[in-house]
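Participant: give me a 3D structure for the following:
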Amino acid sequence: MERKKIKPYFAVCFTFLIASVITIFPLSSNLWWLKPHWLTLVLIYWVIFLPNVIGVIAGFFVGILIDLLKGTPFGSTGLVLAFIAFLTIMLRMRLRQFRFWQQFAVVIFLVGLEQLLYLWLQLALGSSSVVGMKYWSSAGISIIMWPILFLLLRSYQRRLKLL
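Facilitator: Numbering: from 1, shown residues only. A predicted model of the protein is given here:
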């Protein structure tokens with residue numbers, strides 16, 4: 001492969017590596033609900049702006065990696081991230097044309113749906129955990145982090161000329 005075709009893969013993999021490290025970084029048991037869904041946000045960004053590099057299969061394998069690292073049921077995160085990547089691909093052309101606040105609304109929907117799907121899978125697998133406001137607050141924190149992550153990834157993408 002020539003150098004231009006390899007560069008986007010390494011650049012995107014680097015961002016997923018950073019997001020994975022931040023995701024598995026332990027917080028105290030009282031603060032787990034403050035952790036944003038970094039991988040979901042990074043996946044949504046790259047699917048919107050580099051769909052020829054990142055898609056459903058990448059979402060699935062990143063989710064499998066996180067399942068292995070966190071010890072969650074094998075395939076559950078992979079399935080959820082693959083579905084989020086699929087929906088993002090379906091909405092990608094519209095999202096690129098939307099204003100930032102409209103993209104923000106769609107990202108709110110996607111992150112909330114990710115939480116809901118993951119909860120549904122956990123309940124289907126027999127988890128009996130009680131879901132309260134703390135469970136949903138991590139989605140809210142993710143939404144707050146989206147503009148910051150968007151600007152950081154956009155700057156990174158432009159600096160490496162990945163457009």
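Participant: drop to CA atoms for contacts and neighbour counts, all remaining ones
Facilitator: Fine.
Participant: separation between the residue most central in space within the chain and residue 25?
Facilitator: In the chain, the residue lying closest to the centroid (Cα atoms, centre = their mean) is residue 40, at 1.0 Å. Remark: distance between residue 40 and residue 25 (Cα to Cα, to the nearest Å) = 16 Å.
Participant: ok, now residue 10?
Facilitator: For residue 10, the distance to residue 25 - Cα to Cα - is 22 Å.
Participant: over to residue 123?
Facilitator: On the measure of Cα to Cα, residue 123 and residue 25 end up 25 Å apart.
Participant: for stretch 19-39, give me every contacting residue.
Facilitator: 16, 42, 66, 69-70, 111, 134-142, 145 (Cα atoms under 8 Å, 6 or more residues apart in numbering).
Participant: for stretch 95-111, same thing?
Facilitator: So stretch 95-111 is contacted by 37, 40-41, 44, 48-49, 84, 139, 142-143, 146-147 (Cα under 8 Å, 6+ apart).
Participant: mind picking the two most distant members of these?
Facilitator: Greatest spatial distance among the contacts of stretch 95-111 (Cα to Cα): 49 and 139, at 22.1 Å.
Participant: what about residue 8, neighbour count?
Facilitator: Applying other Cα atoms under 10 Å, we find 20 residues neighbouring residue 8.
Participant: give me the pLDDT for residue 54.
Facilitator: According to the prediction, residue 54 has pLDDT 91.
Participant: which non-adjacent residue is nearest it?
Facilitator: residue 47 (5.5 Å; Cα to Cα, 6 or more residues apart in numbering).
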